[in-house]
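S.K.: structure for this input, please:
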Amino acid sequence: MESRITRRELLKRLGVTGIGLMVQPFQPLFSRETTMRRRKIPSSGEEIPVVGLGTWIQFDVGKSESERRPLREVLRLMAKEGGKVIDSSPMYGRAETVIGDLTADLGIADEFFYATKVWTTGRQAGISQMETSMRRMRRDTIDLMQVHNLLDWQTHLLTLKDWREQGRIRYIGVTHHTVSSHSRLEEIVKTEDIDFVQFNYSIRTRSAERNLLNTAREHGVAVLVNEPYEGGSLFGAVGGRKVPTWAEREYDINSWGQFFLKYILSHPAVTCVIPGTSNPEHLVDNMGAGYGRLPDEEGRERMVDFMEDL
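M.R.: Predicted coordinates:
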């Protein structure tokens, strides 16, 4: 049986944890431009940074300082490194509350783009849940409200459109995290007036490349990508190998995390990718994917071939 290696273990083997990343502190090990790459939200023209933060599991913690300290540092570093989009959900336990508390504690609450979701059935239940999310995240207006996993999506989209018109939310969208949902998401993109669609996409799970990504681009819908590391299994797939020299030389890729994220970001339909982490070192590494050169089509094919040859 093949042993599974975690991202932390992989970074240790490559010698880039600890002192390697804790330079003044967590100084990035990659060369960069002044600001992170940004892409436009098609429905408005507003630009957002291409690497954000997911909060499933990692931000579902209690009130103790030992639990919250690394998350506070993640958010501080995210703002410093140019990230903006924070994605959450009522499904993520206490994550919305933790985000609201820590961004307020840091005094940087207005520096982020807040995305959360409605995850229930029924119009009034959805309204109550969204109002609770706004209180938890300490926001008078939510930047992006999404229907989580398409649960009762027809009902909730009516409310979301109404709230967008009222200015209570700025953008609306739908989400899912499985390949089997892609065809339904594509139909919604084609037929509904939404601003965002969120789905799973990675260098090994490329179903979205068949139709969904191009459909979103053609219909002017922004794309958020979840599961970019396939729950961490991509790090196990590369084992203790080093990032190919050509990836660093040609595309400013200095880690496996950046290898996986830059493949996603090199697709022109992708607006922002939202890897989740509670580790400040990983956060800095993730943000690095938003800087430097991206693979062209030939480079994308080379990256896929490399992974398939492992």
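S.K.: so what's the gap between stretch 117-136 and the chain middle?
M.R.: Offset of stretch 117-136 from its chain centre (Cα atoms, centre = their mean, to the nearest Å): 22 Å.
S.K.: and for that stretch, what's in contact with it?
M.R.: 88-91, 96-97, 99-100, 116, 140, 142, 145-149, 151-152, 155-156, 158-160, 163, 175 (Cβ atoms under 8 Å, 6 or more residues apart in numbering). All C-beta spots, glycine's among them, are computed from the backbone N, C-alpha and C.
S.K.: please pick the buried ones from those residues.
M.R.: 88-91, 96-97, 99-100, 116, 142, 145-149, 151-152, 155-156, 159-160, 163, 175 (16 or more other Cβ atoms under 10 Å).
S.K.: show me the contacts of stretch 117-136 that map onto helices.
M.R.: Using DSSP state H, the subset of these located in helices is Glu96, Thr97, Ile99, Gly100, Thr155, His156, Leu158, Thr159, Leu160, Trp163.
S.K.: would JSON lines of these with distance to Val50 and pLDDT be doable?
M.R.: Shown next, in JSON lines, are these (distance: Cβ to Cβ, whole Å; pLDDT from 0 to 100):
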{"residue": "Glu96", "distance to Val50": "23", "pLDDT": "98"}
{"residue": "Thr97", "distance to Val50": "27", "pLDDT": "98"}
{"residue": "Ile99", "distance to Val50": "20", "pLDDT": "98"}
{"residue": "Gly100", "distance to Val50": "24", "pLDDT": "98"}
{"residue": "Thr155", "distance to Val50": "32", "pLDDT": "98"}
{"residue": "His156", "distance to Val50": "27", "pLDDT": "98"}
{"residue": "Leu158", "distance to Val50": "31", "pLDDT": "98"}
{"residue": "Thr159", "distance to Val50": "29", "pLDDT": "98"}
{"residue": "Leu160", "distance to Val50": "24", "pLDDT": "98"}
{"residue": "Trp163", "distance to Val50": "27", "pLDDT": "98"}
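S.K.: would you mark the buried spots in the helix or strand encompassing Lys80?
M.R.: Per DSSP states H and E, Lys80 falls inside helix 65-81. In terms of neighbour count (16+ other Cβ under 10 Å), helix 65-81 has its buried residues at Arg68, Pro70, Leu71, Arg72, Glu73, Val74, Leu75, Arg76, Leu77, Met78, Glu81.
S.K.: what's the answer for stretch 102-110, then?
M.R.: Leu102, Thr103, Ala109.
S.K.: and those residues, which of them are in helices?
M.R.: Those of those mapping onto helices are Leu102, Thr103, per DSSP H.
S.K.: which one of the buried residues of stretch 102-110 is nearest to His282?
M.R.: Proximity of these to His282 (Cβ to Cβ) peaks at Leu102, which lies at 17.1 Å.
S.K.: any idea how far the closest residue to Ser43 other than its chain neighbours lies from His176?
M.R.: Of all residues not flanking Ser43 in the chain, Asp195 sits nearest, at 4.5 Å (Cβ to Cβ, 6 or more residues apart in numbering). From Asp195 across to His176, the span is 16 Å (Cβ to Cβ, to the nearest Å).
S.K.: same question, Ser233
M.R.: From Ser233 to His176 the distance is 19 Å (Cβ to Cβ).
S.K.: same question, Thr120
M.R.: Counting by Cβ to Cβ - Thr120 and His176 are separated by 16 Å.
S.K.: and what of Gly239?
M.R.: 30 Å.
S.K.: what does Glu218 give?
M.R.: 20 Å.
S.K.: ok, those two, which is more surrounded?
M.R.: His176 (23 against 11; other Cβ atoms under 10 Å).
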